[in-house]
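Undergrad: Only the shape, not the letters, is given here:
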């Protein structure tokens, strides 16, 4: 099972200025976090278990010598020590999963414009005419690209990915963070991940070419 590494900064956040920190199960504290715990006298409590005065911790837990311990009856299960090599392997595995490309074998892809069919976007609010289609997906690339159009319509949306929009037709309106942006054909707009927006063209028809990254953002949401 993958272990969660807790840094000194994260330990301070967990403790929130107090003298006790509840450590999630299957977590390992970095050496700097152990030093902070000892220096500030933070009591470390693992979910589902506690370190007690009646049994001395072993391995990595020995670094807690001098740290205030929680009282608990005998028979304490102590987390086994992790070597530096094991910690590095955990970090490499975690980073590898985070940075795993969306497409295992990206390839050059040509999409003929005449073959593109715009489909009605089913997640648009009732009464709003929004069409959208992807032309490049995670089957071919690490990013996604496609077209979307608005016929006097708007689309509230939260982006869990980075997006670039190129306006092809009409006047494209974007509202984000209390600001309204107006773009016309030839304009390019970038929207960072975790932005809540309102796309649309409330008074006109507009068509936009978009690129999103990563292509498999729906899998990352899950």
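TA: Received, thanks. Fair warning: this is a prediction, and the values are worked out from it, not measured in the lab.
Undergrad: in terms of contact, does residue 180 touch residue 173 like I think?
TA: Yes. Contact status for residue 180 versus residue 173: in contact at 6.6 Å, counting by C-beta atoms under 8 Å. Using the backbone N, CA and C atoms, a C-beta is placed for each residue, glycine as well.
Undergrad: which of those two has more neighbours?
TA: Neighbours per residue (other C-beta atoms under 10 Å) separate residue 180 from residue 173, with residue 173 holding more: 19 against 9.
Undergrad: beta partners for the more buried one?
TA: For residue 173, the residues forming beta bridges with it (DSSP bridges) are residue 182, residue 200.
Undergrad: Could you do residue 23 as well?
TA: With DSSP bridges as the rule, residue 23 is bridged to residue 46.
Undergrad: repeat for residue 212
TA: Under the criterion DSSP bridges, residue 212 forms beta bridges with residue 144, residue 163.
Undergrad: and what of residue 131?
TA: Listed by DSSP bridges, the beta-bridge partners for residue 131 are residue 120, residue 149.
Undergrad: Poorly predicted segments of this structure, please.
TA: Low-confidence regions of the chain, defined by pLDDT under 70, span residues 1-4, 48-81, 94-100, 219-222.
Undergrad: other SSEs contacting the helix or strand harbouring residue 14?
TA: Element membership for residue 14, per DSSP states H and E: helix 8-15. Under the contact criterion of 3 or more C-beta pairs under 8 Å, 6 or more residues apart in numbering; DSSP states H and E, the helices and strands touching helix 8-15 comprise strand 20-23, helix 31-40.
Undergrad: Please compute how far it lies from its chain's middle.
TA: In this view, helix 8-15 has its centroid 20 Å away from the chain centroid, taken as C-alpha atoms, centre = their mean, to the nearest Å.
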